[in-house]
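Peer 1: sequence-free structure coming up:
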């Protein structure tokens with residue numbers, strides 16, 4: 001009904017490349033031309049906020065993802081406030097800008113360059129397929145909805161086919177990118193940086209394979225046909241068999257993903273405690289209050 005609110009993907013892609021490149025240039029100029037660096041930072045943060053604002057309808061209407069919708073809504077005032085703080089001279093720099101620059105540089109090639117995205121999607125689909133087969137569940141690895149995508153997991157049950165498509169959002173790239181951005185933006189010992197990045201990337205990738213296998217099996221075996229009427233009302237799905245997919249993916253998996261990210265963040269803080277400074281900066285942008293998280297995390301940081 002409200003599909004007209006959903007911005008074309010090319011618009012958000014252009015915005016994403018624009019603020020990522022501006023963040024990178026601003027970072028590069030930070031030591032040689034602070035005035036220009038700050039101005040580029042201001043523009044970048046406001047574009048970043050506009051980017052999340054345009055994504056809200058996509059998460060809410062197209063993807064029907066309550067968690068991602070809420071997170072994107074929260075991101076909008078954070079970005080605008082960061083730009084305002086720089087514009088009003090309350091802060092000379094915001095170090096999260098560096099993290100976002102790294103995140104964009106890692107994520108956008110897979111999002112916007114077709115061959116990169118297809119390679120990653122197909123690789124993840126194959127690994128999920130091996131896990132499902134290893135569990136003794138019958139599944140067929142088939143083509144996805146787009147040319148070159150061999151990323152469909154097909155379950156044939158009771159004269160009906162249940163097909164789960166692996167897409168870029170299913171690869172774990174988003175979560176991996178967030179952690180790599182935070183860690184790479186820190187001025188720390190390269191070996192600690194490499195260890196933390198490797199640990200987080202491998203952990204997220206493996207856990208994400210398990211998540212995808214769970215969703216595919218839950219949908220294929222119709223595990224969660226609960227509360228059909230309320231779920232259909234919320235999601236506006238036409239097929240009641242999609243209820244299992246919604247509960248497995250949008251409710252159970254996304255809720256557990258938040259817990260996993262928090263756990264991995266605590267592990268990262270143990271390895272690279274400097275990341276706490278970035279969290280403090282994020283909380284200040286969100287709440288307009290200063291926090292001393294080093295004291296809060298002191299038991300975790302003790303050797």
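Peer 2: Great, that's in hand. What you are looking at is a predicted structure, and each value in this text was computed from that prediction instead of being measured.
Peer 1: any idea how the protein splits into domains?
Peer 2: What automatic domain parsing lists as the domains of the chain is 1-112, 116-272.
Peer 1: endpoint to endpoint, the last one covers what distance?
Peer 2: It refers to domain 116-272. Using Cα to Cα, to the nearest Å, the end-to-end distance of domain 116-272 comes to 30 Å.
Peer 1: and the pLDDT for residue 158?
Peer 2: As predicted, residue 158 sits at a pLDDT of 77.
Peer 1: just want the phi and psi numbers for residue 156.
Peer 2: Residue 156 adopts backbone torsions of phi -100, psi 110, taken as degrees, to the nearest 10.
Peer 1: please report how far it lies from residue 137.
Peer 2: Distance check for residue 156 against residue 137: by Cβ to Cβ, to the nearest Å, it reads 12 Å. For glycine as for every other residue, the C-beta is placed from the backbone atoms N, C-alpha and C.
Peer 1: kindly report the same for residue 244.
Peer 2: Look at residue 244 and residue 137: by Cβ to Cβ, they are 15 Å apart.
Peer 1: could you do residue 89 as well?
Peer 2: For residue 89, the distance to residue 137 (Cβ to Cβ) stands at 60 Å.
Peer 1: who has more neighbours, these two?
Peer 2: For residue 89 versus residue 137, neighbours defined as other Cβ atoms under 10 Å are more numerous around residue 137 (14 against 8).
Peer 1: quick one, strands of this structure?
Peer 2: For the chain, the strands defined by DSSP state E cover 140-142, 152-157, 160-165.
Peer 1: any chance of CSV for those, columns mean neighbour count?
Peer 2: As requested, the strands of the chain are exported to CSV (neighbours: other Cβ atoms under 10 Å):
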stretch, mean neighbour count
strand 140-142, 15
strand 152-157, 18
strand 160-165, 17
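Peer 1: nearest to residue 209, of the ones you listed?
Peer 2: Closest approach to residue 209 among the strands of the chain (Cβ to Cβ): strand 152-157, 12.1 Å.
Peer 1: which secondary structure elements does the closest one contact?
Peer 2: Where contact means 3 or more Cβ pairs under 8 Å, 6 or more residues apart in numbering; DSSP states H and E, strand 152-157 is packed against helix 114-134, strand 140-142, strand 160-165, helix 190-220.
Peer 1: ok, it: who's next to it in the sheet?
Peer 2: Next to strand 152-157 in the sheet, as set by DSSP bridges, lie strand 140-142 (antiparallel), strand 160-165 (antiparallel).
Peer 1: between those strands, which gets nearest to residue 45?
Peer 2: Per Cβ to Cβ, nearest to residue 45 of these: strand 160-165, 34.2 Å.
Peer 1: neighbouring contacts of that closest one?
Peer 2: 142, 144-145, 149, 151-156, 212, 215-216, 219-220, 222, 241, 245 (Cβ atoms under 8 Å, 6 or more residues apart in numbering).
Peer 1: let's see it at 7 Å
Peer 2: 144, 145, 151, 152, 153, 154, 155, 215, 216, 219, 220 (Cβ atoms under 7 Å, 6 or more residues apart in numbering).
Peer 1: right, and the third one touches residue 144 too?
Peer 2: Right, residue 151. Yes: contact criterion Cβ atoms under 7 Å: residue 151 and residue 144 qualify, at 4.0 Å.
Peer 1: between these two, which one's more packed in?
Peer 2: Taking other Cβ under 10 Å, residue 151 and residue 144 do not tie; residue 151 has more neighbours (27 against 20).
Peer 1: for residue 55, give its distance to residue 15.
Peer 2: On the measure of Cβ to Cβ, residue 55 and residue 15 end up 10 Å apart.
Peer 1: and these two? Which one has more around it.
Peer 2: residue 55 (23 against 18).
Peer 1: leaving out chain neighbours, which residue sits closest to the more buried one?
Peer 2: In space, and not counting its chain neighbours, residue 55 is closest to residue 72: 5.0 Å by Cβ to Cβ, 6 or more residues apart in numbering.
Peer 1: correct me, but that neighbour touches residue 52?
Peer 2: Yes: Residue 72 is within contact range of residue 52, at 4.9 Å (criterion: Cβ under 7 Å).
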